[in-house]
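Predicted model follows, preceded by the sequence.
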Amino acid sequence: MPKSTLRRIASALNRRVGGYLSRPYRRLLTDVINNISLGVVAFDEDERIVVCNNKYLLLYNLLPDHIRGCSFRQLIQLRKLRGTFDGDVDAYCFNISNNIAQGKACQALTKTPDGRAIQIINHPLPGGGWVATHEDITERQIAEQERDNSRKFLDLIVEVVPVSLIVKDVESRKYTLLNKAAEKLWGISREKALGRTAYDIFIKETADRITAHDLRTIVGEAGGSDLTHEIITPANGERTVLAKKLVLRGNDGCPQFLLSVIQDVTASTKDSERVRYMAHHDLLTGLGNRALFMEKIENELRQLKSDGTRFAVFMLDLDRFKEVNDTLGHAAGDDLLKEAAARLKHSVGKTDVLARLGGDEFAIIQRSMDVPIRDATVLAERLVDAFSQAFELEGSNVAIGVSIGISLAPCDGDNAGDLIKKSDLALYQKKSEGRNGYSFFDPKLAANAEQRHILERDLRAAITQDKLQAYFQPIIDMRTQTLRGFEALARWPHPTKGFVPPEQFIPLAEDTGLIAAIGNAILQKACTAAMEWPPHIKLAVNISPLQLTKPDFINIVMCVLVETGLPPERLELELTEGVLIENHLSVIPVIKQLKKLGIAIVLDDFGTGYSSLNYLTRFPFDKIKIDRSFTQNLTRKSECAAIVSAVMAIAYSLDITVVAEGVETEQQLELLRAAGVQAVQGYLFGRPEPAEALKFDYSRIVERQFAS
């Protein structure tokens with residue numbers, strides 16, 4: 001409360017006339033004290049209330065009538081009764097009266113029962129009595145407490161934050177604050193750092209670097225606030241730190257302090273280097289990976305534009321790697337890849353780039369070419385020769401080869417995508433020709449690829465529009481000389497090209513993953529058609545490897561049987577040996593489930609794989625189908641007849657029915673009958689036909705063929 005206001009109140013009180021204030025002074029005094037934000041109460045020398053303002057009444061929940069004529073003691077007792085005073089009335093009154101009697105101002109901080117904090121100041125008046133001001137400082141105390149708590153919390157954060165926080169004076173460059181993390185980073189206590197400069201703590205080289213960074217930050221140079229650099233700490237050796245600095249300005253706007261936030265990134269820097277290496281290298285072989293290879297091609301293209309330096313891109317694929325990997329296991333496959341990488345390293349030039357793109361795919365950039373075709377040919381022949389020697393794996397000699405596709409820059413392309421694509425096309429061409437060699441890109445390959453792309457697009461449309469059809473070829477029982485069943489075959493009537501040959505679109509469907517959709521569609525159509533046949537006629541449907549490995553394949557088959565009403569006993573599913581070689585562990589449970597449903601399992605194209613006899617004893621087959629290549633060579637190659645006889649002997653011992661495919665001549669039929677084959681199919685008895693054209697009485701055809 002201002003002293004001038006108190007003086008005005010004291011002066012008014014001293015003008016008492018006959019024990020009361022004259023009206024002008026009373027009005028003046030009332031106006032003054034009622035406009036004061038504090039509670040004010042004045043007592044005369046007899047300790048009776050002379051003046052009390054409205055704020056005082058509000059503070060203590062009193063009315064004017066309550067205090068009229070009250071003494072100081074009565075006022076405190078009244079507050080006690082009203083619940084706004086909870087102390088000892090006698091002691092409180094004695095203490096105040098004693099101080100006032102001695103002419104001493106006194107103050108007190110009291111708490112009301114409802115939790116408010118009231119600051120009371122008692123001012124003696126000349127001639128006796130006093131004025132007391134009462135201020136509710138509850139909110140101020142709360143604000144001060146919050147401020148103190150915030151300051152303590154901030155101090156705690158600064159102390160425990162896991163990054164180093166350092167403050168130094170801009171003028172003197174002396175350290176004024178270090179937190180615990182900074183002590184740990186430097187390896188010294190803050191007492192040894194505070195009040196000192198960088199030159200007192202670090203070696204000159206480190207101090208120079210720190211000081212230069214400080215200056216750049218203070219003058220506001222671009223990029224001066226953040227810096228990753230090396231420092232030699234007083235006790236922890238060399239560390240890599242990321243320092244972020246900020247200028248703290250005073251009220252006058254001038255730089256006053258420099259705040260540094262410092263992170264120890266020594267470990268993360270090493271990790272980043274390791275991650276970068278891993279991101280650009282193949283961990284198995286140590287060669288660069290696809291990402292690094294793409295970077296190197298871009299570098300070569302820039303060099304090409306700069307000085308015309310030509311280069312070649314090689315795409316390589318190991319022949320028969322999958323067979324080795326599946327037969328000997330992944331560990332042997334990894335050993336083969338590492339040995340292959342070693343041979344490739346030995347074959348390429350010192351400036352060439354070698355990378356493993358994934359699986360058994362490798363790539364090379366051949367640099368500094370004088371005569372591109374000649375130089376690329378020399379390297380390609382050296383690579384093929386490097387793989388002509390067998391690999392020793394787990395005590396066995398394993399023979400593989402390498403297929404190579406080559407594109408030349410700039411004649412085959414001036415961007416990475418084109419060069420890789422054209423090398424891939426050349427590689428695909430070499431593999432289709434027989435593997436183990438090299439092929440340069442030819443513009444005709446691009447045209448073939450475009451035709452393949454168009455055919456794929458049309459095939460997708462045919463699947464979407466349900467244009468594929470199921471055709472059926474008869475299977476004849478050799479013992480009863482009657483129709484045994486039909487094999488369902490996919491046929492594609494193209495709107496402009498007529499019927500696309502299966503040997504053209506089936507491999508395409510397998511390469512693109514469309515074969516599963518085709519297989520499911522043909523299964524549905526074939527089962528629907530079979531419901532119109534005599535009940536003893538069986539239905540055989542080919543199943544692709546992709547279909548069999550789908551997790552919902554069993555459900556698809558069951559749904560088709562339920563929807564069409566075809567009994568499972570009439571359905572035969574034909575699997576190729578490739579399914580077993582590539583996925584034998586995963587398909588065994590599926591095959592067993594199919595058999596539990598009553599479906600017969602047939603091994604198709606038997607004899608074309610290198611381990612067919614092994615699979616006969618490991619899988620529960622009901623039938624095997626001898627591949628057409630053996631049937632059609634029965635009369636030309638004696639070994640084919642010997643193989644058929646051997647197969648019949650094994651099948652007989654395992655109680656497995658044998659069906660021969662591709663029977664086209666009476667001579668072939670006679671030899672198969674002599675060998676004991678139980679069933680045959682081929683053009684001799686009928687070509688594949690749509691369901692509406694099928695006939696079920698083959699007696700005349702069979703009689704004519706068997707009679708002859």
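Looks like it came in fine. Numbering: from 1, shown residues only.

Can you give me the domain assignment for this structure?
3-141, 161-270, 281-441, 467-707 (automatic domain parsing).

Could I get the ones you listed in JSON lines, plus columns for mean pLDDT, mean neighbour count and distance to residue 148?
Every C-beta, even on glycine, is put in place using the N, C-alpha and C of the backbone. JSON lines is the format used below for the domains of the chain (pLDDT from 0 to 100; neighbours: other C-beta atoms under 10 Å; distance: least, C-beta to C-beta, whole Å):
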{"stretch": "domain 3-141", "mean pLDDT": "82", "mean neighbour count": "16", "distance to residue 148": "10"}
{"stretch": "domain 161-270", "mean pLDDT": "86", "mean neighbour count": "15", "distance to residue 148": "19"}
{"stretch": "domain 281-441", "mean pLDDT": "91", "mean neighbour count": "18", "distance to residue 148": "56"}
{"stretch": "domain 467-707", "mean pLDDT": "87", "mean neighbour count": "17", "distance to residue 148": "64"}
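
is it possible to export those to JSON lines including distance to residue 154?
Listed next are those as JSON lines, based on distance: least, C-beta to C-beta, whole Å:
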{"stretch": "domain 3-141", "distance to residue 154": "20"}
{"stretch": "domain 161-270", "distance to residue 154": "10"}
{"stretch": "domain 281-441", "distance to residue 154": "46"}
{"stretch": "domain 467-707", "distance to residue 154": "57"}
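
Minimum distance to residue 461: which of those has it?
domain 467-707 (7.8 Å; C-beta to C-beta).

so who does residue 59 touch?
Neighbouring residues of residue 59 by C-beta atoms under 8 Å, 6 or more residues apart in numbering: 39, 84, 118, 134, 136.

and of the residues you listed, the nearest to residue 226?
Using C-beta to C-beta, these come closest to residue 226 at residue 136, 50.2 Å.

shouldn't the closest one be in contact with residue 117?
Yes - with contacts counted by C-beta atoms under 8 Å, residue 136 reaches residue 117, the gap being 7.3 Å.

list residues touching both of the two?
Common neighbours of residue 136 and residue 117 (C-beta under 8 Å, 6+ apart) do not exist.

hang on, the earlier thing: and of the contacts of residue 59, the nearest to residue 390?
residue 136 (99.1 Å).

which residues sit in contact with that closest one?
Contacts of residue 136 (C-beta under 8 Å, 6+ apart): 39, 59, 116-118.

Identify the farthest-apart pair in those residues.
39 and 117 (13.3 Å).

Test my guess that residue 696 contacts residue 537.
Yes - Residue 696 is in contact with residue 537 according to C-beta under 8 Å; the separation is 6.7 Å.

which residues do these two both contact?
residue 483.

Could you list every helix and strand that the helix or strand hosting residue 421 packs against?
In this structure, residue 421 sits in helix 416-433 according to DSSP states H and E. The contact analysis (3 or more C-beta pairs under 8 Å, 6 or more residues apart in numbering; DSSP states H and E) places helix 416-433 against helix 290-307, strand 311-319, strand 401-409, strand 437-440, helix 443-464.

What ranges does the stretch 101-250 of the chain have for its strands?
106-111, 117-124, 130-136, 164-169, 175-178, 226-233, 237-249 (DSSP state E, counting those that start in this stretch).

Run the chain-centre distance for the third one.
Yep, that's strand 130-136 we're talking about. Strand 130-136 sits 70 Å away from the centroid of its parent chain (C-alpha atoms, centre = their mean, to the nearest Å).

Which strands border it, and is each parallel or antiparallel?
Strand pairing for strand 130-136, determined by DSSP bridges: strand 39-43 (antiparallel), strand 117-124 (antiparallel).

ok, now the shortest one?
Each strand that pairs with strand 175-178, with its direction, by DSSP bridges: strand 164-169 (antiparallel).

Give me the contacts around the partner strand.
By C-beta under 8 Å, 6+ apart, strand 164-169 touches 158, 174-179, 181-182, 184-185, 197, 214, 248, 256-264.

tell me the angle of it relative to strand 237-249?
50 degrees (axes from the mean of the first three to the mean of the last three C-alpha atoms, to 10 degrees).

Report the distance from strand 164-169 to the chain centre.
That offset, for strand 164-169, works out to 39 Å (C-alpha atoms, centre = their mean).

The most centrally placed residue in the chain sits in which helix or strand?
Most central in the chain under C-alpha atoms, centre = their mean is residue 279, positioned 14.8 Å from the mean C-alpha point. Taking DSSP H and E as the definition, residue 279 sits inside helix 266-280.

Quick one: residues in contact with that helix.
The contact list for helix 266-280 (C-beta under 8 Å, 6+ apart) reads 228, 239-241, 288-289, 291-292, 295.

roughly how far is that helix from the heart of the chain?
On the basis of C-alpha atoms, centre = their mean, helix 266-280 sits 19 Å off its chain's mean C-alpha point.

could the strands of the stretch 101-250 of the chain be laid out in TSV, adding distance to residue 592?
Compiled in TSV, these are given as follows (distance: least, C-beta to C-beta, whole Å):
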stretch	distance to residue 592
strand 106-111	84
strand 117-124	84
strand 130-136	87
strand 164-169	65
strand 175-178	72
strand 226-233	61
strand 237-249	60
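
Which residue ranges of the stretch 601-708 of the chain form strands?
623-626, 657-660, 679-680, 689-690.

Distance to residue 283 for the strands paired with strand 130-136 - can I get that in TSV?
Output for those, formatted as TSV (distance: least, C-beta to C-beta, whole Å):
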stretch	distance to residue 283
strand 39-43	81
strand 117-124	70
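
So which of these is nearest residue 589?
Short answer: strand 117-124, nearest of these by C-beta to C-beta, at 79.1 Å.

ok, now which ones touch residue 694?
472, 486, 533.

sorry, back to before: for the helices and strands packed on helix 416-433, give me TSV that also has distance to residue 490.
TSV is the format used below for the helices and strands packed on helix 416-433 (distance: least, C-beta to C-beta, whole Å):
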stretch	distance to residue 490
helix 290-307	36
strand 311-319	29
strand 401-409	29
strand 437-440	31
helix 443-464	10
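
so who does the nearest residue to residue 82 once chain neighbours are set aside touch?
Of all residues not flanking residue 82 in the chain, residue 61 sits nearest, at 5.5 Å (C-beta to C-beta, 6 or more residues apart in numbering). Going by C-beta under 8 Å, 6+ apart, residue 61 touches 82-84.

For residue 61, grab phi and psi.
phi 60, psi 50 (degrees, to the nearest 10).

Would you list the phi and psi of residue 373?
Dihedral angles (degrees, to the nearest 10) for residue 373: phi -70, psi -40.

Roughly how far does it sit from residue 107?
Distance, residue 373 to residue 107, by C-beta to C-beta, to the nearest Å: 105 Å.

go on, residue 398?
Residue 398 is 101 Å from residue 107, where distance means C-beta to C-beta.

now residue 201
Relative to residue 107, residue 201 is positioned 50 Å away (C-beta to C-beta).

which other residues reach stretch 113-121?
Applying C-beta under 8 Å, 6+ apart, the contact partners of stretch 113-121 are 1, 59, 83-84, 86, 105-112, 132-138, 141.

same thing with stretch 554-570?
Stretch 554-570 is contacted from outside by 520, 523-524, 527-528, 530-531, 535, 537-539, 550, 571, 573, 590, 593-594, 597-600, using C-beta under 8 Å, 6+ apart.
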